[in-house]
Structures are given as structure tokens and as C-alpha cells.
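*Asks:* Okay, here's the prediction I keep looking at, along with the sequence it came from:
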Amino acid sequence: MLSRKRRREEPPSIHPRNRYAENPPDFAQLASLYPSFEPFVFFSRSGRPTIDWKDFNATRELTRVLLLHDHAVNWWIPDGQLCPTVPNRSNYIHWINDLLSSELIPATHGSDHRVKGFDIGTGANCIYPLLGASLLGWSFVGSDVTEVALEWATKNVESNPHLLELIKIRNASDPFSLGGFTSSRRDIANESNPDLCIDENTQPLCQDLKEPSALEPPLLVGVVKDGESFDFCMCNPPFFESLEEASLNPRTSCGGTPEEMVCHGGEKAFITRIIEDSFVLKRSFRWFSTMVGKKANLKFLISKLREVGVSVVKTTEFVQGQTARWGLAWSFIPPSKDFISSNTPMRSQISFTLEGLKRQYGAFQVLKSMESFFLDKGISCKIDLSSFSVTVTLSEVQVNIAPKNGLELLKAGENQSSKSQCVFCVSLLEQIPGTLLVRWSSSAKDRPAVSGGFNSLFNQLEECLRKEFSLKA
Ligand SMILES: C[S@@+](CC[C@H](N)C(=O)[O-])C[C@H]1O[C@@H](n2cnc3c(N)ncnc32)[C@H](O)[C@@H]1O
């Protein structure tokens with residue numbers, strides 16, 4: 001109920017350059033063109049052609065026909081393997097393209113250079129290399145560790161002779177066939193960072209610069225060959241720590257084997273290892289990036305990135321149906337001068353998840369608590385129970401005071417007359433039972449001061465709600 005109402009109000013979740021942003025897939029047309037897809041299409045009560053999203057065969061066939069029809073890509077995966085949705089996966093590719101074309105991190109090559117990416121854990125579906133190569137002509141190395149992923153990723157590339165030269169599949173658990181793995185991580189760190197000079201007695205700059213566990217296949221160090229360089233790496237990591245945790249996630253028809261969904265320590269450990277490797281290979285990539293499944297992990301990972309001394313961190317939010325995912329990107333290369341003086345990036349939308357809600361509490365209590373939070377600070381707000389949101393109105397004076405002096409001064413400013421007000425909306429979306437997504441959106445994109453103040457207010461709100469409602473606080 002809550003989610004359905006909320007969804008109607010969600011801002012567009014799709015990248016503006018995504019080909020499905022303006023024209024979502026036309027199931028009726030696809031059914032008439034592809035007889036194998038036709039049996040999966042039926043008319044919903046509202047009269048619209050749709051498919052059963054809980055049927056793995058239906059979603060796999062949809063992905064197959066979308067890749068064929070819109071991207072001229074031949075594709076297939078065996079039963080049970082993770083089935084990607086094409087519009088959602090395209091968003092990550094477009095975000096990487098934004099990062100590369102922003103020139104925030106200067107390119108070292110000329111404009112005729114072919115962009116080269118590294119997809120960590122490409123899966124049997126090999127979706128990112130296939131999309132990146134067919135949409136933008138990028139070349140890729142896609143790595144994986146399971147036999148089925150390596151076999152099917154290779155098949156998927158070989159079924160597309162026009163992409164054969166662009167995509168290479170690499171076995172990350174077969175490092176001895178690669179150059180460079182015979183050196184220890186410390187040696188590699190020294191080679192690629194001559195200014196570091198780490199010897200056995202040196203306390204490493206990065207606390208986590210340690211030899212990887214013998215049980216865990218490498219991610220980048222030992223898989224990237226000596227002398228190789230890439231414009232970016234990307235990764236959709238196994239999100240879960242255990243099969244139990246994976247099965248708590250709302251079941252979709254997207255399949256996914258334990259090898260694809262689960263890893264020791266969950267995404268936090270997996271991405272931490274990517275960060276450690278990025279420190280070692282800091283000169284070999286212009287951008288490092290990964291998808292993050294849990295907002296709470298995003299904060300931890302950003303603090304890790306600060307620890308290892310990255311020069312830039314960028315985040316974005318990908319909303320996929322009812323699930324939110326985050327994109328995290330970083331670089332060790334100094335940003336180009338044009339960008340250094342610019343303000344902190346603006347966000348028109350920020351969010352956090354409130355996990356492990358205590359049993360006795362639900363969205364209603366959280367909403368009432370948000371109302372009290374704002375009223376206590378002298379900020380005008382209005383609850384809307386039908387959309388589970390609170391509309392917050394800040395006077396110009398309140399907005400201008402907040403970022404500089406902290407929120408305690410908001411009350412002091414409230415009596416001053418204000419010419420213009422800023423209206424923001426904080427809304428709740430139930431992700432899974434016991435987990436709420438709290439999202440804050442504003443239309444004040446053109447006013448950095450407003451967003452700065454609001455970000456700080458939002459952080460306080462997060463802290464306050466966590467203390468009151470979350471078991472994990
Ligand atoms: C969630 S799946 C992502 C598959 C695909 N990229 C996608 O987005 O649908 C994670 C993948 O990472 C792979 N993987 C796990 N450890 C790895 C490692 N050390 N190096 C490369 N791939 C790994 C798994 O086998 C799995 O295919």
C-alpha cells in the first residue's frame with residue numbers, strides 16, 4: 001500500500017540518455033515481432049500488455065528480445081543465473097559515461113582513444129560489456145571466477161561477432177596465467193606508486209594493504225596485467241553475506257545463484273577489497289566504481305576511501321522499481337583545475353535506509369517523529385498520510401542560517417520576515433518489512449546554499465530517527 005502510493009510520486013528514476021527514458025519497452029510490439037516472447041505477454045486489468053515479472057522465463061525472454069531488438073545483441077543465460085534488466089543496467093553505463101565525459105578527472109589520451117573498461121564479476125550475462133560495447137563502442141575486460149559465468153560470458157561474446165574484438169573475458173581465479181601476480185601486493189604498490197616506497201618495516205599508508213586471503217580469488221590486483229591501464233572499472237558485487245540474508249530480500253524473478261548473490265562478508269567486504277586493490281593500482285585506472293546495495297554501507301565505504309586518500313568521490317542513486325541502489329566512484333588522480341574551486345556537487349535528492357525497525361514501529365510512527373523533529377526546530381511542516389510524506393517549508397532566513405551556524409540558530413531566524421520560501425519533501429518508502437527508505441527531494445537545484453543547509457538538516461534527521469526506531473542504531 002505504502003509503496004504503491006509512493007511510487008506514483010517518484011521522480012523519473014531513469015537516466016535521461018537511457019533509450020527507455022522516453023519510450024519504455026512496447027511489449028505488444030515485441031510480442032508481434034518475436035513469436036518466442038508472445039506467449040509471455042498478457043493484458044493487465046488496466047488493459048496494458050505486460051508480463052509476469054515473477055516468471056524467470058518471462059524476464060529472461062524479455063531481456064533477450066530487448067538486447068536483440070534495441071541493441072542488436074544476441075544473448076542467453078542458463079536457467080537460474082542472474083537475469084539483468086536492460087533499462088536498469090543501462091543506467092550504470094550512462095553514469096560512467098557522464099563521469100568520463102565530465103573531464104573532472106582529466107583524460108590522459110587523445111579524443112580518438114577507445115574507452116577501455118574493466119567489469120569485475122561480469123557474470124554469465126556479461127551485461128555491462130555487451131551494453132557498453134554496443135551502446136558506446138567501449139572495449140572491456142570482463143572478469144569472473146565461476147565456470148558457468150566464464151563459459152556463458154564467452155558464449156555471449158562469441159554470439160556477437162561485431163563485439164568480439166571489443167570484449168575479453170578473464171578468469172580472475174587463474175592468476176598464475178597472468179603477468180604480475182607473482183609480485184606481492186606490496187611490490188605492486190611500490191611499482192605503481194613510486195612515491196610511496198613501502199618496505200617490510202614500513203607501516204603502510206593504507207591500513208588494509210595486506211596480502212589477500214588465500215581463500216578469496218583476487219579482484220583487481222593480480223588480474224589486471226602488468227602495464228595495462230583502464231578508463232574505469234565497474235562492478236555489481238554479490239550483495240549478501242549469507243543465503244539467509246539473500247532469501248530475506250524480496251524475491252524477484254531475476255534468478256541469481258549463491259555464487260552471484262552471496263560472498264564472505266557481503267558487499268561491504270567485497271567492495272573494501274576493491275578499494276584496497278584500487279589503492280595498489282591507483283595509476284592504472286582513471287575511475288574506479290561499484291554499485292552499492294545498502295545505504296549504510298555507502299557511508300562506511302566512503303570513509304574507507306577517505307582513509308586511503310582518494311582525490312575524488314562521486315555517488316549517485318539508481319532507483320530500480322522499488323529497490324534503490326547506489327553508484328560509488330572514486331579516483332586517485334587529481335581533479336582538473338577547473339573543477340577544484342567549484343562547490344560540493346548539488347543533489348536534488350538524498351536518502352537513507354532505516355533498517356531493523358523495532359517491531360512495534362511502522363511508517364506512521366516514523367512520519368509523526370519526523371513532524372516533531374521539524375516542529376521542534378521551528379520549521380513549518382505538513383504531514384500527508386496518503387503519500388507518507390512530510391512537506392517542509394523553510395523561510396529564506398532559515399535556509400541561509402542553517403549551513404553556516406548550525407540548526408540551533410534556525411529558531412533565532414524564524415521571526416524575521418522572509419521574501420521567499422523553500423519547499424522540500426521527505427517521504428517514506430517501505431523497501432522490505434522492517435526497512436524504510438527515507439527520501440528527501442527538493443526543487444532547489446539552482447541554490448547551493450539551500451541544499452547545503454538541507455544536507456546538514458537531513459543528517460540530523462537520520463541520526464534522530466536511527467536512535468529512536470532502529471535496532472541497529
Ligand atoms: C551480482 S553478480 C553480477 C553479474 C553481472 N555483472 C550483473 O550485473 O548481472 C556478481 C558476480 O561476481 C562474480 N565474482 C565473485 N568473486 C569474484 C572475483 N574475485 N573476481 C571476479 N568476479 C567475481 C560472481 O561469480 C558473479 O558472477
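*Replies:* Structure's in. What do you need?

*Asks:* Which element, helix or strand, includes the residue in the stretch 251-400 of the chain that the ligand sits nearest to?
*Replies:* Residue nearest to the ligand within the stretch 251-400 of the chain: residue 260 (4.1 Å; C-beta to the nearest ligand atom). (C-beta placed from N, C-alpha, C; glycine too.) Using DSSP states H and E, the element containing residue 260 is helix 258-261.

*Asks:* What is that helix packed up against?
*Replies:* Counting by 3 or more C-beta pairs under 8 Å, 6 or more residues apart in numbering; DSSP states H and E, the packing neighbours recorded for helix 258-261 are helix 243-248.

*Asks:* who does the strand ranked longest in the chain pair up with?
*Replies:* As assigned by DSSP state E, the longest strand anywhere in the chain is strand 421-432. With DSSP bridges as the test, strand 421-432 is paired with strand 389-395 (antiparallel), strand 435-442 (antiparallel).

*Asks:* to the chain's geometric centre, what's the distance from the shortest one?
*Replies:* So the one you mean is strand 389-395. How far strand 389-395 lies from its chain's middle: 28 Å, per C-alpha atoms, centre = their mean, to the nearest Å.

*Asks:* still on that earlier bit, output the strands paired with strand 421-432 as CSV; include the columns mean pLDDT, mean neighbour count and distance to the ligand.
*Replies:* Listed next are the strands paired with strand 421-432 as CSV, based on pLDDT from 0 to 100; neighbours: other C-beta atoms under 10 Å; distance: least, C-beta to the nearest ligand atom, whole Å:
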stretch, mean pLDDT, mean neighbour count, distance to the ligand
strand 389-395, 83, 21, 32
strand 435-442, 78, 21, 20
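
*Asks:* got TSV for those, with distance to residue 227 too?
*Replies:* What follows is the strands paired with strand 421-432, written out as TSV (distance: least, C-beta to C-beta, whole Å):
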stretch	distance to residue 227
strand 389-395	53
strand 435-442	44
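
*Asks:* and residue 460, which of those is closest to it?
*Replies:* Nearest to residue 460 among the strands paired with strand 421-432 is strand 435-442 (11.8 Å), distances taken as C-beta to C-beta.

*Asks:* ok, the residue in the chain that the ligand sits nearest to to residue 156 distance?
*Replies:* In the chain, the residue that lies nearest the ligand is residue 121 (2.3 Å; C-beta to the nearest ligand atom). As judged by C-beta to C-beta, to the nearest Å, residue 121 and residue 156 stand 15 Å apart.

*Asks:* which intervals of the stretch 151-300 of the chain have sub-threshold pLDDT?
*Replies:* Applying pLDDT under 70 to the stretch 151-300 of the chain flags residues 175-215, 246-253.

*Asks:* Can you tell me which residues in it are near the ligand?
*Replies:* Within the stretch 151-300 of the chain, the residues that sit near the ligand (C-beta under 6 Å from any ligand atom) are 172, 217, 219, 236, 238, 259-260.

*Asks:* What ranges does the chain have for its strands?
*Replies:* 42-43, 49-50, 116-120, 139-144, 167-171, 230-235, 285-292, 312-320, 323-331, 349-354, 380-384, 389-395, 421-432, 435-442.

*Asks:* So for residue 466, which of those sits nearest?
*Replies:* When the strands of the chain are compared (using C-beta to C-beta), the closest one is strand 349-354, at 6.8 Å.

*Asks:* and the closest residue in space to residue 118 that isn't next to it in sequence, how many neighbours?
*Replies:* Excluding the flanking residues, the one nearest residue 118 by C-beta to C-beta, 6 or more residues apart in numbering is residue 233, at 4.1 Å. Using other C-beta atoms under 10 Å, residue 233 is surrounded by 28 other residues.

*Asks:* Quick one: residues contacting residue 233.
*Replies:* 117-120, 220, 274, 285, 287-289 (C-beta atoms under 8 Å, 6 or more residues apart in numbering).

*Asks:* which one of the residues you listed is nearest residue 59?
*Replies:* Using C-beta to C-beta, the contacts of residue 233 come closest to residue 59 at residue 119, 21.2 Å.

*Asks:* Hmm, that closest one is touching residue 142, no?
*Replies:* Yes: between residue 119 and residue 142 there is a contact at 4.4 Å, judged by C-beta atoms under 8 Å.

*Asks:* Please say which of these two ends up with more neighbours.
*Replies:* residue 142 (29 against 26).

*Asks:* confidence score at the more buried one?
*Replies:* If you check residue 142, the pLDDT there is 98.

*Asks:* Can you give me the distance of it to residue 281?
*Replies:* 17 Å.

*Asks:* now swap in residue 290 and tell me
*Replies:* 14 Å.

*Asks:* do the same with residue 159
*Replies:* In terms of C-beta to C-beta, residue 159 sits 31 Å off from residue 281.

*Asks:* who's more crowded, those two?
*Replies:* residue 281 (26 against 14).

*Asks:* In this structure that one contacts residue 222, no?
*Replies:* No: shown here, residue 281 and residue 222 do not form a contact pair, counting by C-beta under 8 Å, at 10.1 Å.

*Asks:* how big is the angle separating the longest strand of the chain from strand 312-320?
*Replies:* Angle of strand 421-432 versus strand 312-320, following axes from the mean of the first three to the mean of the last three C-alpha atoms, to 10 degrees, is 60 degrees.

*Asks:* List the buried residues for strand 421-432?
*Replies:* For strand 421-432, the neighbour count (16 or more other C-beta atoms under 10 Å) marks 422, 424-431 as buried.

*Asks:* Give the burial count for residue 265, as a bare number.
*Replies:* So residue 265, with other C-beta under 10 Å, has 13 neighbours.

*Asks:* Sorry, slip of the keys, the one I care about is residue 164.
*Replies:* Residue 164, neighbours per other C-beta under 10 Å, totals 12.

*Asks:* what about the stretch 351-473 of the chain, any weak spots by pLDDT?
*Replies:* For the stretch 351-473 of the chain, the stretches flagged by pLDDT under 70 are 395-421, 431-432, 442-456, 472-473.

*Asks:* ok so, going back, so who does the residue of the chain closest to the ligand touch?
*Replies:* 143-145, 149, 235-238.

*Asks:* Residue 334 too?
*Replies:* For residue 334, counting by C-beta under 8 Å, 6+ apart, the contacting residues are residue 311.

*Asks:* And it, how far from residue 123?
*Replies:* 34 Å.

*Asks:* How far off centre is stretch 105-125?
*Replies:* Chain-centre distance of stretch 105-125: 18 Å, with C-alpha atoms, centre = their mean.

*Asks:* in it, what counts as buried?
*Replies:* Of the residues in stretch 105-125, those buried (16+ other C-beta under 10 Å) are 105, 115-125.

*Asks:* now, the most widely separated pair of the residues you listed?
*Replies:* Taking C-beta to C-beta, no two of the buried residues of stretch 105-125 sit farther apart than 105 and 124, at 31.8 Å.

*Asks:* Could you list which residues are in contact with residue 67?
*Replies:* 73-75, 86, 130.

*Asks:* likewise residue 437?
*Replies:* Contacts of residue 437 (C-beta under 8 Å, 6+ apart): 295, 324, 351-354, 428-431.

*Asks:* now it, nearest residue through space, not along the chain?
*Replies:* Using C-beta to C-beta, 6+ apart, the closest residue to residue 437 is residue 429 (4.3 Å).

*Asks:* if we can go back for a sec, including distance to residue 79, could the strands of the chain go into JSON lines?
*Replies:* What follows is the strands of the chain, written out as JSON lines (distance: least, C-beta to C-beta, whole Å):
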{"stretch": "strand 42-43", "distance to residue 79": "22"}
{"stretch": "strand 49-50", "distance to residue 79": "22"}
{"stretch": "strand 116-120", "distance to residue 79": "23"}
{"stretch": "strand 139-144", "distance to residue 79": "18"}
{"stretch": "strand 167-171", "distance to residue 79": "21"}
{"stretch": "strand 230-235", "distance to residue 79": "25"}
{"stretch": "strand 285-292", "distance to residue 79": "24"}
{"stretch": "strand 312-320", "distance to residue 79": "23"}
{"stretch": "strand 323-331", "distance to residue 79": "23"}
{"stretch": "strand 349-354", "distance to residue 79": "32"}
{"stretch": "strand 380-384", "distance to residue 79": "45"}
{"stretch": "strand 389-395", "distance to residue 79": "41"}
{"stretch": "strand 421-432", "distance to residue 79": "25"}
{"stretch": "strand 435-442", "distance to residue 79": "30"}
